[in-house]
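Asker: attaching a predicted model along with its sequence, questions to come.
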Amino acid sequence: MKNILHIILWKIGFTVYIGEKENGYKHGKGTLLYKRRFKYVGEWKHGKRHGEGCSTAGSGYYSYEGEWKNDKKDGCGKYFVWYSNN
């Protein structure tokens, strides 16, 4: 059963998911926030990152924007790394 245009908020510990679900899995477009240090915004398929998406880690100092397949980076994408002298 697909929840069309159904937006949910799922919170366990420090993990928050805001987005679409299908049969209890993250499915469609959504955002995952984990312990304030990791964020993924993009497409999901059966609970895994799949399709176009962007992940950011390390308080924004590292990110990947591109294609995902079965929860892994796949195909075309771009890496961004920011350094600080502080």
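Answerer: Sure thing, it's come through.
Asker: make it CA atoms for all contacts and neighbour counts henceforth
Answerer: Noted.
Asker: leaving out sequence neighbours, find the closest residue to the residue positioned nearest the centre of the chain.
Answerer: Central residue of the chain (C-alpha atoms, centre = their mean): residue 40, 2.5 Å from the mean position. Distance criterion C-alpha to C-alpha, 6 or more residues apart in numbering; nearest residue to residue 40, sequence neighbours excluded, is residue 55 at 4.2 Å.
Asker: in which helix or strand would I find the one you found?
Answerer: strand 48-57 (DSSP states H and E).
Asker: can you check residue 28 too?
Answerer: strand 25-34.
Asker: in its sheet, what does that strand sit against?
Answerer: strand 15-22 (antiparallel), strand 38-45 (antiparallel) (DSSP bridges).
Asker: and the contacts of the strand holding residue 55?
Answerer: Contact partners of strand 48-57, identified using C-alpha atoms under 8 Å, 6 or more residues apart in numbering, comprise 26-27, 37-44, 62-72.
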